[in-house]
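Novice: Below are the sequence and a predicted model; questions follow.
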Amino acid sequence: MSLHAYKDSKLPLVLLYDSEYMIRSVFALLANQTAKASVMETANLATANNLCQTNAFELIIIGMGQEHEEKHFIELIRNGMTLTDKSVPIVVMTSAITEELLYELKSLNVTDILLKPTRVKAIHDVFLRNIN
């Protein structure tokens with residue numbers, strides 16, 4: 001499905017940014033085939049940022065890396081620097097959580113935090129809770 005087809009869809013538009021191909025592709029396939037959402041997925045943070053500049057997402061799922069550079073991406077969204085509404089639900093997947101990171105993510109109004117390794121069902125359940 002082309003990016004244009006995603007934009008024209010009447011389904012909720014979801015961005016899934018994560019380095020793990022299988023997580024991205026299986027969730028996107030599940031959501032698209034069950035007609036629950038149109039999913040744009042990427043493993044590249046710059047691409048995720050560009051997609052948010054040109055699309056209004058209704059949910060963003062972010063796989064956080066070791067360096068936590070994704071926090072700046074979340075700040076851009078929360079500060080209204082993208083086409084996506086700044087109050088969009090954001091779900092973060094991370095392999096480790098510290099008290100400091102938890103505080104930072106909560107201060108950025110992250111809706112949910114999932115620990116990696118994450119099952120697609122856990123992502124799907126969070127997705128269903130956050131999509132209108």
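Specialist: Great, that's in hand.
Novice: any idea how far the residue most central in space within the chain lies from Val39?
Specialist: Among the residues of the chain, the smallest C-alpha distance to the mean C-alpha position (C-alpha atoms, centre = their mean) belongs to Ile61, namely 1.8 Å. For Ile61, the distance to Val39 equals 9 Å [C-beta to C-beta, to the nearest Å]. For the C-beta atoms, the positions are set from N, CA and C on the backbone; glycine is no exception.
Novice: Next, show the common contact partners of those two.
Specialist: Among the neighbours of Ile61, those also in contact with Val39 (C-beta atoms under 8 Å, 6 or more residues apart in numbering) are 14-16, 27.
Novice: Closest one of the residues you listed to Glu104?
Specialist: Sorting the shared contacts of Ile61 and Val39 by how near they are to Glu104, with C-beta to C-beta, puts Leu15 at the top with 20.4 Å.
Novice: just checking, the closest one touches Asn55?
Specialist: Yes: when contacts are counted by C-beta atoms under 8 Å, Leu15 is listed as touching Asn55 (7.5 Å).
Novice: Quickly list what's touching both of the two.
Specialist: With C-beta under 8 Å, 6+ apart as the test, Leu15 and Asn55 both reach 40, 84.
Novice: Doesn't Met40 belong to a strand?
Specialist: Yes: the assignment for Met40 (DSSP: H, G, I helix; E, B strand; the rest coil) places it in a strand.
Novice: Which one's more surrounded, Leu15 and Asn55?
Specialist: With neighbours defined as other C-beta atoms under 10 Å, Leu15 and Asn55 compare such that Leu15 has more, 23 against 18.
Novice: can you tell me which helix in this protein is longest?
Specialist: When the chain is scanned for its longest helix (criterion: DSSP state H), the result is helix 21-33.
Novice: mean confidence score for that one?
Specialist: Per-residue pLDDT values across helix 21-33 average out to 86.
Novice: In CSV, list the C-alpha atoms belonging to it.
Specialist: As requested, C-alpha coordinates have been extracted for helix 21-33 and formatted as CSV (Å, rounded to 0.1, in the frame of the first residue of the first chain):
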residue,chain,number,x,y,z
TYR,A,21,11.5,-5.7,11.6
MET,A,22,9.3,-8.6,12.7
ILE,A,23,7.5,-6.5,15.3
ARG,A,24,6.8,-3.7,12.8
SER,A,25,5.7,-6.0,10.0
VAL,A,26,3.6,-8.4,12.0
PHE,A,27,1.7,-5.6,13.8
ALA,A,28,1.2,-3.6,10.6
LEU,A,29,-0.1,-6.7,8.8
LEU,A,30,-2.5,-7.5,11.6
ALA,A,31,-3.9,-4.0,11.9
ASN,A,32,-4.2,-3.5,8.2
GLN,A,33,-5.7,-6.9,7.5
